[in-house]
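Q: Sequence first, then the predicted structure:
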Amino acid sequence: MQQQHRVLGIVLAVASAFAAPSLQAATEQDKASSAILFQSFHWNSATSGFYADIQAKAADLKTLGVTHVWFPPPSDAASTQGYLPRQLNKLDSNYGTEAALKAATSALAGQGIKSVADVVVNHRVGSTGWGDFTNPTWDCRAVVSGDEWTGKCGNADTGGSYDAARDIDHTQTFVQNDIKTWMSSRLKGAGFTGVRFDYSKGYGATYAGMYQDAMAADFCVGEVWTDLNYADVDAHRKLLMNFVDGSAGKCGAFDFTTKGLLNQALAANEYWRLKDGAGKPAGGIGWWAQKMVTFVDNHDTGPSESCSVGQNHWPVPCDKVMQGYAYVLTHPGVPSVYYAHVYNWGLKNDIKALIDARKAAGVTSTSAVAIQQAASGLYAAIITGTNYQLAMKIGPNSWAPSGTWTQVASGANYAVWKSGGGDTQAPTVPANLAKGTVTATSVPLTWAASTDNVGVTGYRIARNGATLTTTTGTSYTDNSVVANTTYSYQVQAYDAAGNTSAYSTPALSVTTPNGGTGCTSVAVTFSIANANTTIGQNLYVVGNQTALGNWSPASSFALTIQGTGANATWAGTVNLPAGAATQYKYVKYNPSTGATVWESSQTTASGNREFTTTTTAPCTATRADGSFKF
């Protein structure tokens, strides 16, 4: 298999010398790519301020090391998240207006970052019914003969079926032409230069290659997510290769094989699964790394804002996410980083340290991997970059490379080292860490500057043993504390080569005062049971606060089921403003159809459930509301 795809790569390379540029593979999938893909959304990101948020983060994403940003589906859709497309050519969606979208892609381009569109062409819904397609207008021939719609009149499907919408017949020339025009005109005109094909198992891969030709994208990847039989891993990664081959090598594939193996390795301590019988990585990257896009979790497989919120269809264990990043950010393939992990979970600085190590070593999508250990409790490998080698380990068992190596990143059960490449001397440890005037909501810190043989790049501040942030100066004020709480602080220096000092010792202990009105927000835990939900319904809290959707079910706060069955308890925690007079109800809401069932009125004057959030510590509240009121 490996030889087969090496030969194919040579054939494609030779052919490209004689082909028109529009027939070449996407740029990043046709070279030793140093790209870093950033998924800019999670399952609950669909709000009107989404594009403005990405626009505002453009400079920060450049600092993180991102080269490509993957956007959610940009077209008008029947579903909140955009995966039931309706009018393809209408680029106003639940994420914002077309103007806001263009402002976001323009801001990214200004930072040298390219934008990747989520292209959903396997299926589509009608404007008012099952198959009345408009903008562009299609007739019944656009729907495959095996679809559930009684009005279909197209040809046989070229892939798997999709029950939630009409399966599109890509053998129809008018369908092909309209999709090509949409991608090459509307999407490119909105600032997109790359594509991510959704549900790629639903239609023949040759059409992905055809649409890639039309757009001449610089980045192309397909989603081929199928069941993984751990007893027959090769069959799973063969499906990834089939998609790439079917597109004539023009598009890559998300490495769901590596994803599934990481899940099992991290959840069951079975790190031996990461090595195949040939001694190579056991996922798609072991066969054709250049065409693989690796990831830890995404909007479907993993959580969203926190561990218990979101889809969670196939997640990496929440406490082992950084081990997953230590693997994908040091190994070949193009790695993808997830918005929620960076901006919601507080892992940005730890992820950045790994990206910095990858870039400094010159690790690319085609870098060689030499696996050193693959056993219960331990995986270790040495990866050869264009500048120098990286060594890495994940798992609870200890391991370190032999010889002269410098550790450049580490955390709970993972570590990364570098070898060679010039500067290996670490800065001195920051000294004299001290606190200023502490309030209920802020802790000012200062320390003495470190020294380095080349120069100190910055300082990493740790709170309670976890990275809080980085700064280039010798002071920082932590404004994320709460009243009447004890915190422990340490500071570490680092240089441009990735060398790090030890953390300052002893740790500085700081206790914030009571503060009276110290709460700026309150973490409120809602729970409800006995709602008699049906398939497709979830429980949400909707109310008069922004975090509760301002009475809009589509923007309300999603709860997570705590058991099974129609009458299980649903719960979740959300931050509300302190001192806020809050009114709310529980609703049964189907995000795919928009169907909503509201609670009946309460005995209060407003008819809603009511309470006022606290203004004093502890800044928490619990709303155990018993049963859904019919």
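A: Okay, I see it.

Q: ok, residues contacting the helix or strand hosting Val597?
A: Element membership for Val597 (DSSP states H and E) is strand 596-598. Strand 596-598 is contacted by residues Gln537, Pro553, Lys585, Val587, Lys588, Tyr589, Asn590 when judged by Cβ atoms under 8 Å, 6 or more residues apart in numbering. (Glycine included, C-beta is placed from N, CA and C.)

Q: what's the answer for stretch 158-171, then?
A: 78, 84, 121-126, 130-131, 141-144, 146-149, 152, 154-155, 157, 175-176, 199-204, 207, 592.

Q: out of those, which are inside helices?
A: Among those, the members found in helices (DSSP state H) are Val175, Gln176, Tyr207.

Q: of these, closest to Ala265?
A: Ranked by distance to Ala265 (Cβ to Cβ), the ones in helices among the contacts of stretch 158-171 are led by Tyr207 at 34.5 Å.

Q: Check whether the residue nearest to that closest one when sequence neighbours are not counted sits in a helix, strand or coil.
A: Computed as Cβ to Cβ, 6 or more residues apart in numbering, the closest residue to Tyr207 that is not its neighbour in sequence is His170, at 4.4 Å. Of the three states, His170 takes coil under DSSP: H, G, I helix; E, B strand; the rest coil.

Q: what bridges to the residue positioned nearest the centre of the chain?
A: With distances taken as Cα atoms, centre = their mean, Tyr338 lies nearest the centre of the chain, 2.2 Å away. Beta-bridge partners for Tyr338, by DSSP bridges, are Gln39.

Q: what residues are up against it?
A: Gln39, His42, Phe295, Val296, Asp297, Asn298, Gly302 are the contacts of Tyr338 under Cβ under 8 Å, 6+ apart.

Q: Next: Ala268.
A: Ala268 touches nothing, counting by Cβ under 8 Å, 6+ apart.

Q: Please read off the pLDDT at it from the model.
A: Looking at Ala268, its pLDDT is 97.

Q: any idea how far His331 is from it?
A: Noted for Ala268: a distance of 20 Å to His331, by Cβ to Cβ, to the nearest Å.

Q: again, but for Asp163
A: Counting by Cβ to Cβ, the gap from Asp163 to His331 is 36 Å.

Q: ok, these two, which is more surrounded?
A: His331 (27 against 8; other Cβ atoms under 10 Å).

Q: ok, back up a step: and which of the contacts of Tyr338 is nearest to Thr428?
A: Val296 (34.1 Å).

Q: how many other residues sit next to Asn387?
A: So Asn387, with other Cβ under 10 Å, has 15 neighbours.

Q: That one contacts Ala361, correct?
A: Yes: between Asn387 and Ala361 a contact is recorded at 5.5 Å, counting by Cβ atoms under 8 Å.

Q: Enumerate every residue touching the spatially closest residue to Ala497 that is not a sequence neighbour.
A: Here the nearest residue to Ala497 in space, its sequence neighbours aside, is Asp423; by Cβ to Cβ, 6+ apart that works out to 4.1 Å. Neighbour list for Asp423: Asn453, Val454, Asp495, Ala496, Ala497, Asn499 [criterion: Cβ under 8 Å, 6+ apart].

Q: Among those residues, which ones are in strands?
A: Mapping these onto strands (DSSP state E) picks out Asp495.

Q: Are we agreed that Tyr584 is in a strand?
A: Yes: assessed by three-state DSSP, Tyr584 belongs to a strand.

Q: how about it, what does it touch?
A: Val541, Val542, Gly543, Asn544, Gln545, Leu548, Asn608, Arg609, Glu610.

Q: The last one: how many residues sit nearby?
A: The one in question is Glu610. 15.

Q: ok, now the fourth one?
A: Residues near Asn544, counting by other Cβ under 10 Å, number 16.

Q: residues touching the closest residue to it other than its chain neighbours, list them.
A: Once flanking residues are discounted, Asn544 sits nearest to Gln583: 4.8 Å by Cβ to Cβ, 6+ apart. Contact partners of Gln583, counting by Cβ under 8 Å, 6+ apart, are Gly543, Asn544, Ser606, Asn608, Arg609, Glu610.

Q: Go ahead and confirm the fifth one touches Gln602.
A: If I follow you right, that is Arg609. Yes: between Arg609 and Gln602 a contact is recorded at 5.6 Å, counting by Cβ under 8 Å.

Q: re earlier: now for the contacts of strand 596-598: which two are most distant?
A: Lys585 and Asn590, at 16.6 Å, using Cβ to Cβ across the contacts of strand 596-598.

Q: These two: which is more packed in?
A: Lys585 (24 against 17).

Q: Spatially nearest residue to the more buried one (excluding sequence neighbours)?
A: Using Cβ to Cβ, 6+ apart, the nearest residue to Lys585 is Glu599, at 4.5 Å.

Q: Can you check what pLDDT the model gives the one you found?
A: 91.

Q: For this structure, which residues score under the pLDDT cut-off?
A: For the chain, applying pLDDT under 70 flags the ranges 1-26, 420-422, 515-518.

Q: what's the distance between Gly563 and Thr534?
A: From Gly563 to Thr534 the distance is 16 Å (Cβ to Cβ).

Q: Okay then, goodbye and thanks.
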